[in-house]
Every structure is written in C-alpha cells, then in structure tokens.
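# Sequence first, predicted model second:
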Amino acid sequence: MERRDFFKKAAVVAGATALGSTTLKAGITQQPIDNRKVSLVAFPEKRPLIMYSDRPPLLETPRDVFTSVLTPNDQFFVRWHMPDIPTHINPDTFTISVNGLVEKELKISLHDLKTKFEQVEVTAVLQCGGNSRSAFKPIAGGIQWGSGAMGCATWKGVRLKDILDHAGLKKDAVWIGFNGSEKAAYYETPNFIRELELSELDDHVILAYQMNGEDLPYLNGYPLRLVLPGYYSDSWVKMLSNITVTNEYKKLFFMDVAYRVPDNNCECETHEKRAPKTKPIKKMNVKSVIGYPTRNSIITQKSHVVVRGVAWDDGHGIKDVMVSTDSGKTWEKALLDDGKLGRYAYRTFRYSFKPKVLGKTTIMTKAINKIGEVQPFAKDIKWNHGGYKYNGIDKVTVGVV
C-alpha cells in the first residue's frame, strides 16, 4: 500500500482551516457542535471529523454517530502523539520484532500473522483517557475533547499470548514493552512506548490488522496495532513495530509523567496543589453518551421522540441505562440491545417519550454496570490536572416547539 501522498493530501485540506471560514476549501466546514464552534475536516479515508490538529492528527467523532454499536471506520476518532508518522508502509515487507527475555527472537510478517496463528476477533471500545475533558471545571490541561474521542470496532488479529508462546518466555519475564512507529520532531522528545505486565494479559489482548472487516485505516494504526480491551487508548499502541520482554519495569515518559491520575481513592486533587503521588490510568470507568437528539436540536411538542445512545465500561458489562427528561428529577430505564458483541463493546440504548412542555427540555442519561458502579452527576466528578477519566452524566438540551 503506497502511502507517500497521504499527509500531503491531508495537509492541503487541513491547512486551509488556518485561512478562516471565508476561504475554506472543499472538505472543510465550520459549524456549532455541542455548543462549540468547530472545524469539520475530511482527511483521507475519513468523513468530516472535528479537527484539533493536523500534525499530529487529532480528530474527534461528532456526537450523532453514537447511536450504533459499531463506529464506522471513516468516522472513527484519531489521536496521535508525535508529528512524524511513516508515510510509506509496504505490507509485503512489514515485520514486527519480538525480542528481549524470549527463547527465540522473532520477526513476524503480516502474512505470518494471518496464516501461522489462530485468527480471533474481539469487539471493544477504544477511548482516549482525555475524552470529555472539556467538561472539567476549572479547565484541565490538554486537548479540549468533547465526547467523541472514542469509538467501538470489531478488531481482528492474533492473540498476543500466542505470539509470546511462539517466542517462548524465559522464567524471569515480567514486563512487555510496545513500540510504535511514530516519532517526535525534536530528538530529545521521548518515543511513545507503553509497558504491560504479563499478569494483565488474557485472551482478549490481540495484535489487530483489521477493523470492522477492513484493513486498519492509516490514521488508526495501519498496518498493526495493539488491542487492549477495557483499557484507555494510550495503551493501544498504533503502527506497532516492536515487542520487548523484560524482567523489570523501565521508566517511561508516557507512563511515569503523562497519562497519570492522583493515587488516592477519589483520583482527585485541587487546581492549586498537585497530588504528591500518582498512578497511570488503565481501566475505563462506566459511562454513557447520547447520540440522538443532539444539543440544540428542535423537536415538536407531543411528537414521538426516541433518545438513542451508547454505554460501556471496562468489561464488567452494562446492566442498565437510566434516562431523565426532566433535568434529573425522575429516571426511567432505557431499552438495551442484546449485548451479543460481548462485554467490551458498546451497549446501545433507546428510550421513547413525548415532549409536553414548550421551550427547553434537558435529557440526561446515566449508565450502571453489573458491579453496581453508577455514572455520577457532573457536580460529583472529582478534578485532576490531566483532565482524565471524566464520566459525568451526559445531557443534551433541546428546543420543543
């Protein structure tokens, strides 16, 4: 697959946003979404998405996409950390290396992955740790994502355990390090490397080369990425190039400095003072998002309105989604889908009602998982400097005419 012109084409489109709305080129529109004026940019292989940066690419999925279990590949959010991303990847010569504390070091091609190992699929939510960061008050540092730095896909590939079994782990093996192919523009910037403890592995952790029945999109990690269901996306290394097994944890910027929350019961701190001890973010918390209606939609009084959206957690599974149409005074159960795509996938929900009062109506949703964790009110969300793991009750306010 020739990708040399990928970022050249992307830059022509994305760079036009800097010229202002009067000179926007084809593929770009500006409009209010979720009470924010944003630029929608159509990158190669993508429909128009909310753009925060073109280098590295940072693209958010609009809210109205979240009414289905699977997020289409061309509407799936994009999050890279480094601006230098390979522009040419040949699938015929691509290999991934496995080294370190293994009996035999490996170089495995895509063909080997597809023919020499059992092929497996897992449907799982991929969500940035900073998703919904813009809802934190006061403002937390980082990209001010709305609720669309997430998506759910069916990933196909090979179990990581099978790869490691083939290499043969040595007795003192404890940690696995994963390198992606993206690189920093400045030589002193640390590479994007994540580590996983062997005890965290299960049969759902895979090396994926397909997403929703197609090759991974370039912007979502082509040709191979780590899939770690239940964990935030910073652990899902894209354009995976190397796996190194070690017997001790290596200090890494993206685990020891970035992507961390306070190491206390509330995972919180004040904006005046940082917590003295922190820990890396890992498992996702329980959450729901309304896909329809969207904020500031206009609906007709006494019409039949079906509220639709998605709910998920770290794999315990969603038990209920509760809906309120009176700003949280009363709650009723929504109807959930059958959950046949597994415990790591979205559960879609729907709830029917007839708006009775003219003017503004606020719709709210809260998810409850199978171990009793409940999506909290925004006022009960505890703050952290990184703006991570926000999961306040979702709400949209619509006009009734």
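Yep, it's here.
# in the stretch 301-401 of the chain, which spans are strands?
Under the criterion DSSP state E, counting those that start in this stretch, the stretch 301-401 of the chain carries strands at the ranges 305-312, 318-324, 332-333, 335-336, 347-353, 359-369, 394-400.
# Neighbouring strands of the fourth one in the sheet, and parallel or not?
Paired with strand 335-336 in the same sheet, following DSSP bridges, are strand 347-353 (antiparallel).
# buried set for stretch 133-145?
133-136, 140, 142-145 (16 or more other C-beta atoms under 10 Å). To be clear about C-beta, it is placed using only N, CA and C from the backbone, and glycine gets the same treatment.
# meant to ask about stretch 213-231, not that
216-231.
# highest average neighbour count across the strands of the stretch 301-401 of the chain?
The highest mean neighbour count among these, using mean count of other C-beta atoms under 10 Å, belongs to strand 305-312: a mean of 23.
# send the alpha carbons of stretch 47-56 over as CSV?
Extracted in CSV, the C-alpha atoms of stretch 47-56 (Å, rounded to 0.1, in the frame of the first residue of the first chain):
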residue,chain,number,x,y,z
ARG,A,47,-15.6,11.6,6.5
PRO,A,48,-15.6,15.1,8.1
LEU,A,49,-14.5,15.0,11.7
ILE,A,50,-13.8,17.7,14.3
MET,A,51,-10.2,18.7,14.0
TYR,A,52,-7.9,19.9,16.8
SER,A,53,-4.6,19.5,15.0
ASP,A,54,-3.4,18.2,11.6
ARG,A,55,0.2,17.4,12.8
PRO,A,56,-0.1,15.2,14.7
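# chain center to it: distance?
15 Å (C-alpha atoms, centre = their mean, to the nearest Å).
# Tell me which residues of it come out buried.
47-52, 54-56.
# tell me the mean pLDDT over it?
Mean pLDDT, taken over the full extent of stretch 47-56, equals 95.
# Equivalent analysis for stretch 113-123, please.
Per-residue pLDDT over stretch 113-123 has a mean of 98.
# picking that back up, which members of the buried residues of stretch 213-231 are the farthest-apart pair?
Y218 and G230 (25.6 Å; C-beta to C-beta).
# Using a markdown table, lay out the strands of the stretch 301-401 of the chain together with mean pLDDT and distance to S241.
Formatted as a markdown table, these follow (pLDDT from 0 to 100; distance: least, C-beta to C-beta, whole Å):
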| stretch | mean pLDDT | distance to S241 |
| --- | --- | --- |
| strand 305-312 | 98 | 29 |
| strand 318-324 | 98 | 35 |
| strand 332-333 | 98 | 46 |
| strand 335-336 | 98 | 39 |
| strand 347-353 | 98 | 34 |
| strand 359-369 | 97 | 35 |
| strand 394-400 | 97 | 37 |
